[in-house]
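*Asks:* One predicted model, sequence on top.
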Amino acid sequence: MAGKMKLIFLYGPAACGKLTVARELVARTGWKLFHNHLTIDLLTSVFDFGDPGFVRLREQIWLGVFEEAARSGLGQLIFTYAPERTVTDAFLPGVETLMERAGGEVVYIHLDCPRETVEARITDPSRRAFGKIADLDLYRSLKASGALNGPTPDNPDLTIDTATSSPAESAQTILSLLGWREPQIGA
């Protein structure tokens with residue numbers, strides 16, 4: 001495999017702003033964005049969420065995209081991930097192994113916010129565009145049942161509270177961590 005890809009792995013609970021922050025990063029950098037609902041929406045057109053075929057293919061697609069992006073020499077890829085119980089325990093170690101083989105690295109960015117903020121955001125109409133949880137009662141039921149618990153990195157490189165940090169501020173904090181500088185016009 002060729003390339004030294006940096007996988008910017010944004011993760012956190014529903015409605016914490018993963019896609020919003022990712023889009024802010026894209027607007028500033030032009031980096032590619034692979035958000036988790038692209039795969040989920042694809043697979044739920046054929047399988048029920050959580051069916052064995054759904055789980056197997058979802059992780060194959062996620063890892064396959066990472067591998068091809070690294071192979072193609074893509075410098076950076078932003079990925080959004082919401083932990084939930086159908087994600088296998090093998091997924092995160094698989095990401096690590098793949099990126100190590102590719103000579104790349106994973107930068108884990110944990111986006112979080114208080115329960116009250118999540119609950120205030122969960123019904124935002126923009127969440128329906130990608131089939132995200134947009135019903136407060138459903139969210140509370142899934143949360144109470146443990147369905148929204150899943151594998152997460154042990155030691156994130158950065159944690160941001162999106163209730164106190166705007167998407168622009170969050171993106172800038174991430175870019176600072178990465179040592180990224182905006183290109184100078186005419187340079």
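*Replies:* That came in fine, so what should we check first? Numbers count the residues shown, from 1 in each chain.

*Asks:* low-confidence ranges in this protein?
*Replies:* Filtered on pLDDT under 70, the chain yields the residue ranges 1-3, 182-187.

*Asks:* CA atoms of the longest strand seen in it as CSV?
*Replies:* Longest strand in the chain by number of residues (criterion: DSSP state E): strand 105-112. Extracted as CSV, the C-alpha positions of strand 105-112 are listed here (Å, rounded to 0.1, in the frame of the first residue of the first chain):
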residue,chain,number,x,y,z
GLU,A,105,-2.3,7.2,11.3
VAL,A,106,-5.6,7.6,13.0
VAL,A,107,-6.3,10.8,14.9
TYR,A,108,-9.2,10.2,17.3
ILE,A,109,-11.3,13.3,18.0
HIS,A,110,-14.1,12.8,20.6
LEU,A,111,-16.9,15.2,20.2
ASP,A,112,-19.2,15.3,23.2
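
*Asks:* Now do the residue positioned nearest the centre of the chain against A22, distance only.
*Replies:* Nearest to the geometric centre of the chain sits T80, at 1.2 Å (Cα atoms, centre = their mean). Going from T80 to A22 by Cβ to Cβ, to the nearest Å gives 5 Å. To be clear about C-beta, it is placed using only N, CA and C from the backbone, and glycine gets the same treatment.

*Asks:* Need the residues touching each of the two.
*Replies:* The contact sets of T80 and A22 overlap at 10, 33, 35 (Cβ atoms under 8 Å, 6 or more residues apart in numbering).

*Asks:* Pairing partners for the second one in the sheet, please.
*Replies:* For L33, the beta-bridge partners under DSSP bridges are I78.

*Asks:* Correct me if wrong: it contacts R23.
*Replies:* Yes: judged on Cβ atoms under 8 Å, L33 makes contact with R23 at a distance of 7.0 Å.

*Asks:* Show me what the longest strand of the chain pairs with in its sheet, parallel or antiparallel.
*Replies:* strand 6-11 (parallel), strand 158-161 (parallel).

*Asks:* quick one, which of these is packed in tightest?
*Replies:* Neighbour counts (mean count of other Cβ atoms under 10 Å) averaged over each of the strands paired with strand 105-112 peak at strand 6-11, with a mean of 23.

*Asks:* And for the helix or strand that that one is followed by, what's in contact with it?
*Replies:* Counting by DSSP states H and E, the next helix or strand C-terminal to strand 6-11 is helix 18-29. Applying Cβ under 8 Å, 6+ apart, the external contacts of helix 18-29 come out as 8, 10-12, 31-33, 35, 37, 76, 78, 80-82, 111, 130, 160, 162, 167-168, 170-171, 174-175, 180, 182.

*Asks:* Same check on stretch 91-99?
*Replies:* 5, 7, 9, 59, 62-63, 66-67, 70, 105-106, 151-153.

*Asks:* Select from those every entry located in helices.
*Replies:* 59, 62-63, 66-67, 70 (DSSP state H).

*Asks:* Cool, thanks, signing off.
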